[in-house]
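Student: mind folding the following:
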Amino acid sequence: MTMKVLSSVRVVEISGLGPGPFCAMHLADLGADVISVGREGGAAEFKGSILNRGKRSVSADLKTPEGRELVLKLVENADVLIEGMRPGVMERLGLGPAECQARNPRLVYGRMTGWGQTGPLAKAAGHDNNYISVSGALWPAGPADAAPVTPFTLVGDIGGGALYLAVGLLSGVLQARATGQGTVVDAAILDGSAHMLNLMLKAREAGVISDRKGESIHDGTPFYETYACADGAHITIGSIEPQFYAMLLDALDLKDDPDFQGAQWDRAQWPRRRERLRTLFAGRSRAAWQAVFEGTDVCFGVVLSPVEAAQHPHNQARGVYLEQDGVLQTAPAPRFDGVAYAPGRMSQNGEHTAEVIATLAGGDSAGVWQARQD
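Tutor: Numbering: from 1, shown residues only. This next block holds a predicted model:
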């Protein structure tokens, strides 16, 4: 077994949707031993699932005494439990924090929801676009003359949800190993996506983010913008710092152009300058602009689909994308001591049920974890 940074961490995942399974996959990518408990008869939803890679999978009916006892046996020697049910559901199943921590006081019990465990919206249904709209994170995601567009899963499910849950769980594990006492982690997408706004709020304090759409660095400036090219593809320019902005104007032969005289941050000049740049960038293909700018300090990027990104030389050099069983996916991140971890195989729902139940039936709950395969 290759030692990874989280090889000593044992995780029980109550399989669900989106951010919970992603968090468990992320922990598995970094070496955690994850046993995912899925629904009986739910094999189809896990066939070839990227989010099930690196995990062992058992199936159970949690509404039965047998299913409940299986989970409780697993948590006896686990560090972490992850669940993504609506508030109160795990308690009704007899698998809430009280029951699980009675079996294992050092257990870190991770709860992944959209609205959180408390508050007037706690038990309401929702999706990541709803949570980030109420948190304030959706508002800046679009130009002034159009409705905000939700960045699919990134700001809500992953950024505000799964990654905050991971930080909370690992923080809890550190505390439990120091004190012997577990904790309950309430990871709400609402909270996490709001917390991420602190960088934007710092920019607001500095005056580069306005309370009005179309007047901020991300939706009003000509030098931090996405531009269409002659072939219908797009590029991004992020020449915020004055030295990078000067390089942009020099490369485009605009240094002495009357429209670009005066202060870079003169908001009155932004609309005209943006239109000039739109016209200019629309005159060449994405590949042509890539040949001009890529690798320079202008702060430039081509807008790629995931399939295109997998073929980009930089991503290929770093091994950012890979295929497993014909499924395109991204590699584990981050790297440690220059090493990029290889992902685990994608298990099928219930694949390890028989062996796990047999071990538990023998009265050796610790042996379930000792039997991991890497």
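Student: for the rest of this, base every contact and every neighbour count on C-alpha atoms.
Tutor: OK.
Student: mind checking pLDDT for the residue nearest in space to the middle of the chain?
Tutor: Centroid-nearest residue in the chain, with Cα atoms, centre = their mean: Ile158, separated by 2.8 Å. Predicted confidence (pLDDT) for Ile158: 95.
Student: doesn't it belong to a helix?
Tutor: Yes: assigned with DSSP: H, G, I helix; E, B strand; the rest coil, Ile158 falls within a helix.
Student: what's the distance between it and Leu199?
Tutor: Plainly put, Ile158 is 18 Å away from Leu199 if you go by Cα to Cα, to the nearest Å.
Student: list the buried residues of stretch 90-103.
Tutor: Residues Met90, Gly94, Leu95, Gly96, Pro97, Cys100, Gln101, Arg103 are the ones in stretch 90-103 that count as buried (16 or more other Cα atoms under 10 Å).
Student: which parts of the stretch 151-300 of the chain are strands?
Tutor: 183-188, 224-228, 234-238, 300-302 (DSSP state E, counting those that start in this stretch).
Student: deepest of these, which one?
Tutor: Highest mean neighbour count of the strands of the stretch 151-300 of the chain: strand 183-188, a mean of 22 (counted as mean count of other Cα atoms under 10 Å).
Student: check which helices and strands that one sits against.
Tutor: Packing partners of strand 183-188 (3 or more Cα pairs under 8 Å, 6 or more residues apart in numbering; DSSP states H and E): strand 108-113, helix 163-179.
Student: centre of the chain versus the longest one, how much separation?
Tutor: This means helix 163-179. Mean-position distance between helix 163-179 and its chain equals 18 Å (Cα atoms, centre = their mean, to the nearest Å).
Student: how much space between the residue nearest to the centre of the chain and Gly67?
Tutor: Using Cα to Cα, which is the criterion applied here, Ile158 is 29 Å from Gly67.
Student: swap in Gly363?
Tutor: Shown here: Gly363 relative to Gly67, a distance of 16 Å by Cα to Cα.
Student: so which of the two has more stuff around it?
Tutor: Gly67 (17 against 10; other Cα atoms under 10 Å).
Student: for Leu6, which of the strands of the stretch 151-300 of the chain is the nearest?
Tutor: Each of the strands of the stretch 151-300 of the chain has some distance to Leu6 by Cα to Cα; the shortest is strand 183-188, at 18.7 Å.
Student: ok, that closest one: who's next to it in the sheet?
Tutor: strand 108-113 (parallel) (DSSP bridges).
Student: now the nearest residue to Ala28 once chain neighbours are set aside, what are its backbone angles?
Tutor: Take Ala28 and drop its neighbours on the chain: the residue closest to it by Cα to Cα, 6 or more residues apart in numbering is Gly54, 5.5 Å away. Main-chain dihedrals, Gly54, degrees, to the nearest 10: phi 80, psi 0.
Student: what about Gly54, how many neighbours?
Tutor: For Gly54, using other Cα under 10 Å, the count is 27.
Student: got the domain boundaries for this structure?
Tutor: Per the record, the chain has its domains at 10-196+344-370, 217-316, by automatic domain parsing.
Student: in stretch 66-73, what counts as buried?
Tutor: Of all the residues in stretch 66-73, those buried under the rule 16+ other Cα under 10 Å are Gly67, Arg68, Leu70, Val71, Leu72, Lys73.
Student: the fifth one: which element?
Tutor: Meaning Leu72. For Leu72, the host element (DSSP states H and E) is helix 65-75.
Student: what's the answer for Val356, then?
Tutor: With DSSP H and E as the test, Val356 turns up in helix 353-361.
Student: ok now that helix, how far from the chain's centre?
Tutor: Per Cα atoms, centre = their mean, the centroid offset for helix 353-361 relative to its chain is 33 Å.
Student: contacts for it, please.
Tutor: Residues from elsewhere that reach helix 353-361 (Cα atoms under 8 Å, 6 or more residues apart in numbering): Ser57, Val58, Ser59, Leu70, Lys73, Ser365, Gly367, Val368.
Student: in helices only, show me those residues.
Tutor: Leu70, Lys73, Ser365, Gly367, Val368 (DSSP state H).
Student: quick one: low-confidence ranges for the stretch 1-150 of the chain?
Tutor: 1-2, 41-48 (pLDDT under 70).
Student: now the strands for it?
Tutor: In the stretch 1-150 of the chain, the strands defined using DSSP E, counting those that start in this stretch lie at 10-14, 33-39, 55-60, 80-83, 108-113.
Student: okay, these, which one's buried deepest?
Tutor: Neighbour counts (mean count of other Cα under 10 Å) averaged over each of the strands of the stretch 1-150 of the chain peak at strand 108-113, with a mean of 28.
Student: what does that one contact?
Tutor: With Cα under 8 Å, 6+ apart, strand 108-113 has contacts from 19-20, 79-87, 97, 161-162, 165, 168-169, 172-173, 176, 182-189.
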